[in-house]
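1. Sequence first, predicted coordinates after that:
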Amino acid sequence: MRQETIKADITVIGGGLAGTCAAIAAARLGRTVALVNNRPVLGGNSSSEVRVWVCGATGHGKNHHAREGGIMGELFVENQYRNPHGNPYFWDTTILDAVRAEPNLSVFLNTDVRHVAAGPGGIASVTGWMMGSEREITFESGLFLDCTGDGLVGHLAGASHRVGREGREEYGEPWAPEVPDDITLGSTLLFYTKDAGEPVRYVPPDFAKDITQTSIPERRIIKAGDNGCAYWWIEFGGELDTVHDNDRIRDELWSVIYGIWDHIKNSGRFDADTMTLEWVGALPGKREYRRLLGDYVLTQHDVLGQTPFEDRVAFGGWSIDLHPPRGMYATEAGAKQQYADGIYHIPYRSLYSVDVPNLLMAGRNISASHVAFGSTRVMATCATIGQAAGTAAALCAATGARPRDLPVADLQRTLLREDASVVGLRYDDPADLCGTATATASSTLTRLVADTPQEAWRLDADAGIVLPVDPSLTGVRLLLDAAGDTTLTVELHDPVLGQNYVPRELVATREIALAAGEKQWAELDLDWRPETARNAFVLVKANPLVSLHVADQATPGVLCFTRVPLPPQAESPQPLREWSDRGLLRRTFCLETGTTTAFAPDKALDGYQRPYAGPHMWVSATLPAELELRWPEPVTIGRVEVIADDDVNEDLINLHHHRTPFEIIPTLVRDYRVEALAGGRWRQIAETRDNRRRRIAHPLAEPVTAEGLRIVVESANGAPSAHLIAVRAY
């Protein structure tokens, strides 16, 4: 046995997406980081070992403008380019490349931490065994991040934690049980199938369960062509100890998987003659175990009420998604879900230990109640929490502060500078020279127009249209057919919160008389001038005599919906589930509006990096296009950053839940150059060709003193205009 000691500013234990993003975040901020993972690959439950798709705030497209940004966003966008077919091994390599790109980050795979040295001052070191290498490694750091999922490091350090469900009276959560217990969500194993192209017989192993003797065939959907996460409901262990009974849980899951395949292959009820098993998981994907306690415990009220925390550092948006304790053997539905009206905030106070002073946590072990955890547990949300915790650790390492004492404003400013997933906060950094610049452009999108009809959409159900209101909403017209003389009812609603895209408060109602006729433009007679920019939700009431026309084009700042009934078992109301863009994604009801300043050049300097009560980006009218910045006095520039529009309304996925029809987001700028104005003359100082990323940095070989800066966009990756969210200069 070889014994070693590794010293780093920060040690991150757990190489799932939370730990990976935490480690990358801290390393990018100049800290030395040791990332310790007990598996041979990174990615945790999303890796090729488990193969769970990475879900997050989009809720598979139910939430809008909600895809995670920052490091998780980079991984999504890069994987879309490298891996459009959702190969789990290519996803592994995408993550590994991102980690290896950071010179300050050292990775220790196959290293199982099992000893923690801790005292009143916090954790001094953790020690792990590197399997296959016979190395016992002790990691010494000033700060530690528990990203293990199971909260192992915190537990060994004596951190306060919870396992199971709180009683209803503790936080007053309607979904909590009357009496607290140790019930958790169970674990899952997945499997892949393939068509072998010839008959394949199947002889089940002796341990395969006869599922016809269980409730599974009656209570769960089984299809020959399904595999992978379609079988997320193969879940067991909620009534056991998901850690200490891990092998027992795995064996039960195996028996059911092979029993399901026996049922599919040999019952005669499925067309599966040429189908075979390609892969069966051996590592249960755990959902829940310890939750480490911080200074704040996130609750059901915070998720559904979208609490506007002053110390927000990340966001979520997946439903509160709780599964029955008996998992696949339960007689009730496999999941009970409830969505907020939009994304919700996660506070920094839930990311550090209440009693271990140098311990932060990220992932499914953060300080949340069991009910709130039902939403925060999904991996893309865990990843954004990881970036926030890793950033906090880096700032603590740089300043000597303990996590509890870190100034939240500094943390938020750093997260926004790193383009992380924080919503509703403006980036205001004295170091950014663009804060004192003024912006103009060669052209700007000033009216929303979609006037090329491709399909008539019959109004058998209510339709919804979200439009930016900046500074007012005027001149809205819809192209429609009326099968007879009728009256169309239109309502204007305020979603109230900047991150919401569902109707909440009624502003106005209009009754519009229509004469029979095709392709007529109907004036909606809407005129709204709110005190601040916001979203408007135009609700067009169902009318079977009316059809709206649909254009096969995405329109900046516009979302289109149809209303669908909630499932009978769902709690009501849930507007987010009722308003669906099914059949309308990347399409627009044919419309015209009056003028808007929602895409003005100064939007690229307003500090908002995500849609929030408006798009917050400059959009040109045509291509090529130029965005020009001027300063009242010359400034010295050493670095320029461009943040392009990666369309965070597009729901990307790492594996196989759905396919997205392009490898590069069309709204991303493709070819552009950066020019500086010095001595009355423009000269090129940087350029980018074939861009496929959102955030592009241009460190200059030599600083430039300039009166102006301009981004000359020559082309995009499919969009007909230039979209720029931000330009920064340092």
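-> It's in.
2. okay, now the residue nearest to H345 when sequence neighbours are not counted: neighbour count?
-> Once flanking residues are discounted, H345 sits nearest to R312: 3.8 Å by CB to CB, 6 or more residues apart in numbering. Just so you know, the C-beta spots here come from the backbone N, C-alpha and C atoms, and that holds for glycine as well. A count of neighbours around R312, defined by other CB atoms under 10 Å, yields 21.
3. And for the one 5 residues further on?
-> Burial of G317, expressed as a neighbour count using other CB under 10 Å, amounts to 29.
4. quick one: pLDDT of it?
-> Confidence at G317, expressed as pLDDT, is 98.
5. Quick check, T148 in contact with R364.
-> No: at 9.6 Å, T148 does not count as touching R364 under the criterion of CB atoms under 8 Å.
6. Which residue ranges of the stretch 251-400 of the chain form strands?
-> According to DSSP state E, counting those that start in this stretch, the stretch 251-400 of the chain carries its strands in the segments 275-280, 291-292, 312-316, 320-322, 336-338, 344-347, 359-361.
7. separation between A431 and A644?
-> Computed as CB to CB, to the nearest Å, the A431 to A644 distance reads 21 Å.
8. where along the stretch 551-700 of the chain do the helices fall?
-> 575-578 (DSSP state H, counting those that start in this stretch).
9. The stretch 51-200 of the chain now?
-> Using DSSP H, counting those that start in this stretch, helices in the stretch 51-200 of the chain cover 70-82, 88-100, 152-156, 168-171.
10. Mind listing what's buried along the third one?
-> What that stands for is helix 152-156. Judged by neighbour count using 16 or more other CB atoms under 10 Å, the buried positions of helix 152-156 are L152, V153, G154, H155, L156.
11. Could you report the neighbour count for the nearest residue to E4 once chain neighbours are set aside?
-> Once flanking residues are discounted, E4 sits nearest to I137: 4.9 Å by CB to CB, 6+ apart. I137 sits with 20 neighbouring residues when counted by other CB under 10 Å.
12. worst-scoring helix or strand of the protein, pLDDT-wise?
-> helix 216-219 (a mean of 88; mean pLDDT, DSSP states H and E).
13. Can you list the neighbours in contact with that helix?
-> I211, I222, V256, I260, H263, M328, Y329, A330, T331, G334 (CB atoms under 8 Å, 6 or more residues apart in numbering).
14. could I get the residues you listed as CSV with pLDDT and distance to S141?
-> Converted to CSV, the contacts of helix 216-219 look like this (pLDDT from 0 to 100; distance: CB to CB, whole Å):
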residue, pLDDT, distance to S141
I211, 94, 48
I222, 90, 48
V256, 97, 42
I260, 95, 45
H263, 95, 51
M328, 95, 41
Y329, 95, 44
A330, 93, 43
T331, 89, 49
G334, 87, 41
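15. could these go into TSV alongside neighbour count?
-> Formatted as TSV, the entries for the contacts of helix 216-219 read as follows, by neighbours: other CB atoms under 10 Å:
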residue	neighbour count
I211	23
I222	16
V256	23
I260	21
H263	21
M328	24
Y329	17
A330	18
T331	9
G334	16
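16. what about this structure, any weak spots by pLDDT?
-> Scanning the chain for pLDDT under 70 picks out nothing.
17. Could you point out the longest strand of it?
-> Of all the elements of type strand in the chain, the one with the most residues (DSSP state E) is strand 695-716.
18. Following the chain onward from that strand, which element is next?
-> Tracing the chain past strand 695-716, the next element assigned as helix or strand by DSSP states H and E is strand 723-729.
19. Return the member of the buried residues of helix 152-156 nearest to S319.
-> For the buried residues of helix 152-156, the closest approach to S319 (CB to CB) belongs to G154, at 26.9 Å.
20. Might one say that that closest one is in contact with V354?
-> No: with contacts defined as CB under 8 Å, G154 does not count as touching V354, sitting 10.3 Å away.
21. Which stretch among the helices of the stretch 51-200 of the chain approaches S442 most closely?
-> Put simply, out of the helices of the stretch 51-200 of the chain the one that sits nearest S442 is helix 70-82, at 27.2 Å, with distance taken as CB to CB.
22. May I see the buried residues of the closest one?
-> Per 16+ other CB under 10 Å, helix 70-82 contains these buried residues: G70, I71, M72, G73, E74, L75, F76, V77, E78, N79, Q80.
23. One more: stretch 417-430?
-> For stretch 417-430, using 16+ other CB under 10 Å, the buried residues are R417, E418, D419, A420, S421, V422, V423, G424, L425, Y427.
24. Can you tell me which of the residues you listed is nearest R349?
-> Proximity of those to R349, judged by CB to CB, is greatest for V422, which lies at 15.0 Å.
25. Since that was my last question, I'll sign off now.
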